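Trainee: Attaching a predicted model along with its sequence, questions to come.
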Amino acid sequence: MKVSNEKTFESAVRANQTDLASKLNNEFDYIVCGSGSSGSVVAGRLASNPAVRVLLLEAGRDDDPDLVMDPNQWMRIFGTQWIGDSTQIQTHSSMDAPSLTPWVRF
């Protein structure tokens with residue numbers, strides 16, 4: 001029986017998540033909240049010292065559902081808890097009509 005690429009990818013991601021979760025420390029020297037551009041830079045610089053344990057936290061939900069794990073379902077994620085935000089109506093945009101633009105927030 002041939003395994004599809006999607007299932008192979010999903011299995012690999014789940015195995016990697018399980019492996020990483022089993023290696024998590026319970027104590028850290030620094031906790032950085034927010035993995036935006038600045039939070040990631042701060043965490044990266046702190047973690048460059050091998051003697052320091054850094055935890056980088058980001059708000060978000062569980063990423064196990066099929067909508068997240070299956071790359072073929074990416075369009076179904078719009079309007080869900082993963083991508084539910086949108087921009088303000090832009091009356092002077094380059095588009096012909098004012099509209100709301102979906103805004104990705106993970």
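Mentor: Done, it's in.
Trainee: CA atoms for contacts and neighbours, from now on please.
Mentor: Noted.
Trainee: and the next element down the chain from the top helix by length along the chain?
Mentor: Longest helix in the chain, counting residues (DSSP state H): helix 5-22. Using DSSP states H and E, the helix or strand that follows helix 5-22 in sequence is strand 30-33.
Trainee: Following the chain past that following strand, name the next helix or strand.
Mentor: Remark: after strand 30-33, the chain's next helix or strand is helix 37-47, criterion DSSP H and E.
Trainee: Sheet-wise, list the partners of the very next helix or strand once past that next one with their directions.
Mentor: Going down the chain from helix 37-47, the next helix or strand is strand 54-57, by DSSP H and E. If you go by DSSP bridges, strand 54-57 pairs up with strand 30-33 (parallel).
Trainee: quick one: contacts of the partner strand?
Mentor: 39, 42-43, 46, 52-58 (CA atoms under 8 Å, 6 or more residues apart in numbering).
Trainee: and if we set it to 6 Å?
Mentor: 54-57 (CA atoms under 6 Å, 6 or more residues apart in numbering).
Trainee: hmm, which of those are the buried ones?
Mentor: The neighbour-count criterion (16 or more other CA atoms under 10 Å) marks 54-56 among the contacts of strand 30-33 as buried.
Trainee: Pipe those residues into TSV and attach pLDDT and distance to M69 per row.
Mentor: Converted to TSV, those look like this (pLDDT from 0 to 100; distance: CA to CA, whole Å):
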residue	pLDDT	distance to M69
V54	95	27
L55	93	24
L56	92	22
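Trainee: Dump those to JSON lines, plus distance to Y30.
Mentor: Converted to JSON lines, these look like this (distance: CA to CA, whole Å):
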{"residue": "V54", "distance to Y30": "5"}
{"residue": "L55", "distance to Y30": "6"}
{"residue": "L56", "distance to Y30": "9"}
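Trainee: from these, which is closest to E10?
Mentor: Set against E10, the nearest of the buried ones among the contacts of strand 30-33 by CA to CA is L56 (24.0 Å).
Trainee: contacting residues for that closest one?
Mentor: By CA under 6 Å, 6+ apart, the neighbours of L56 are V32.
Trainee: now it: how far from T18?
Mentor: To T18, L56 is 18 Å away according to CA to CA, to the nearest Å.
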